[in-house]
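Engineer: Mind looking at a prediction? Sequence and model below.
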Amino acid sequence: MTTVAFIGLGVMGFPMAGHLARAGHDVCVYNRNPAKAADWVETYAGRSAATPREAAQGAELVMVCVGNDDDLRSVVLGDDGAFAGMQAEAILVDHTTASADVARELAGKAAELGLGFLDAPVSGGQAGAVNGALTIMVGGDAAAYARAEPVIQAYARMARLMGEAGSGQLTKMVNQICIAGLVQGLSEALHFAQCAGLDGEAAMEVISKGAAQSWQLENRHKTMLAGDFDFGFAVDWMRKDLSILLNEARNNGAQLPVTALVDQFYADVQGMGGGRWDTSSLLARLKPAK
């Protein structure tokens, strides 16, 4: 049993912290909305704290899953932040999708305090979190990863150390680049099938057994054909992620013309009122067949 703090109980963090409790770890949670923390305690019979600092006190591992760089700094730094409550040699595992810069910043601060830090963004969406089947890409010290990895496995299907601090976030950017292109391609394929008078579902079933197969095709084509987008990974979140990676590309010289174009297509979906729709809603901006 490991003593763990979990900070951030959104659609991802809530079930992730639950998997830790069910695995037998001693879990204390913190959430900005205390009612959400109380709901988690009632569901999983754990503990909650009034501040990140209090949640982190006595914890061997502190997991964080919040919204962005600023949210991350707000719960980690300062008098009430997690770092202020962590004991020497404790490790903070950040599951937020954030910038590589903030990962390096917090890793440096952790080292000054005698703490460990891992940037460990996740992929797999809400379903992956609920089912304990997330993919986790990690940056940081190998010794810290070796200590954290057995606990992370409570909600991971795949976890891998990718390199020094920031490498986890950079790998998550690679993931989002792939997803952006795949979803746009799938949207255009379905749109073309409809315009050509084909049975879209039959077409997807056939090509899914060949070189066009992908997770997005297998798991999203039916809901896309039905025009059902009120679930999943929100367009607003995807645009946040794309903003981070496009900024990183400007800094490192990577050329991402398709990703930049798809980002603008997502802006179109936001303009349609689809900011909370699933990322597969790119199909909605294409005109239906006549």
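Structural biologist: Ah, there it is.

Engineer: For this structure, name the helix or strand with the lowest mean pLDDT.
Structural biologist: Scoring the helices and strands of the chain by mean pLDDT, DSSP states H and E places helix 125-131 at the bottom, with a mean of 92.

Engineer: contact partners of stretch 243-260?
Structural biologist: 97-100, 169-170, 173, 176-177, 180-181, 184, 242, 263 (Cβ atoms under 8 Å, 6 or more residues apart in numbering). The C-beta positions use only the backbone N, C-alpha and C, and glycine is treated the same way.

Engineer: quick one: terminal-to-terminal distance for it?
Structural biologist: End-to-end distance for stretch 243-260: 9 Å, by Cα to Cα, to the nearest Å.

Engineer: so how far is that stretch from its chain's centroid?
Structural biologist: Put simply, stretch 243-260 sits 19 Å off its chain's centre (Cα atoms, centre = their mean, to the nearest Å).

Engineer: how about that stretch: buried residues?
Structural biologist: 244-246, 248-249, 256, 259 (16 or more other Cβ atoms under 10 Å).

Engineer: Quick check: mean pLDDT of that stretch?
Structural biologist: Mean pLDDT, computed over stretch 243-260, is 97.

Engineer: ranges for the strands of the chain?
Structural biologist: With DSSP state E as the criterion, the chain has strands at 3-7, 26-30, 47-48, 61-64, 91-94, 116-119, 122-123, 134-140, 156-163.

Engineer: Mind giving me the packing neighbours of the longest one?
Structural biologist: Yep, that's strand 156-163 we're talking about. Helices and strands in packing contact with strand 156-163 are listed as strand 134-140, helix 142-152, helix 167-195; criterion 3 or more Cβ pairs under 8 Å, 6 or more residues apart in numbering; DSSP states H and E.

Engineer: if we can go back for a sec, can you put the buried residues of stretch 243-260 in CSV and add distance to M158?
Structural biologist: Shown next, in CSV, are these (distance: Cβ to Cβ, whole Å):
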residue, distance to M158
I244, 22
L245, 21
L246, 26
E248, 23
A249, 25
L256, 25
T259, 23
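
Engineer: Out of these, list just those in helices.
Structural biologist: Residues of the buried residues of stretch 243-260 located in helices (DSSP state H): 244-246, 248-249, 259.

Engineer: Next, format those residues as CSV and append distance to M162.
Structural biologist: Shown next, in CSV, are those (distance: Cβ to Cβ, whole Å):
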residue, distance to M162
I244, 17
L245, 15
L246, 20
E248, 15
A249, 18
T259, 20
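
Engineer: how about L225, what does it touch?
Structural biologist: With contacts defined as Cβ under 8 Å, 6+ apart, L225 is in contact with 190, 200-201.

Engineer: Now the buried members of those residues.
Structural biologist: 190, 200.

Engineer: Would you mind listing the buried residues in the least confident helix or strand of the chain?
Structural biologist: Buried residues in helix 125-131, counted by 16+ other Cβ under 10 Å: 125-126, 128-130.

Engineer: Please convert those residues to TSV, extending it with distance to Q216.
Structural biologist: TSV is the format used below for the buried residues of helix 125-131 (distance: Cβ to Cβ, whole Å):
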residue	distance to Q216
G125	11
Q126	15
G128	14
A129	18
V130	19
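
Engineer: Tell me the one among these nearest to L77.
Structural biologist: Nearest to L77 out of the buried residues of helix 125-131 is A129 (Cβ to Cβ; 25.6 Å).

Engineer: Test my guess that the closest one contacts V11.
Structural biologist: Yes: here A129 reaches V11: they are 7.2 Å apart, a contact under Cβ atoms under 8 Å.

Engineer: Apart from its neighbours in sequence, what residue is nearest R239?
Structural biologist: With Cβ to Cβ, 6 or more residues apart in numbering as the criterion, R239 has its nearest non-adjacent residue at 5.2 Å, and that residue is Y266.

Engineer: Now do that neighbour, the pLDDT please.
Structural biologist: 98.

Engineer: for it, what are its contacts?
Structural biologist: Y266 sits next to 235, 238-239, 242, 279, 282 when contact means Cβ under 8 Å, 6+ apart.

Engineer: Can you report how many residues neighbour V206?
Structural biologist: Per other Cβ atoms under 10 Å, the neighbour tally for V206 reads 12.

Engineer: and it, how far is that from A189?
Structural biologist: As for V206, its distance to A189 is 12 Å (criterion: Cβ to Cβ, to the nearest Å).
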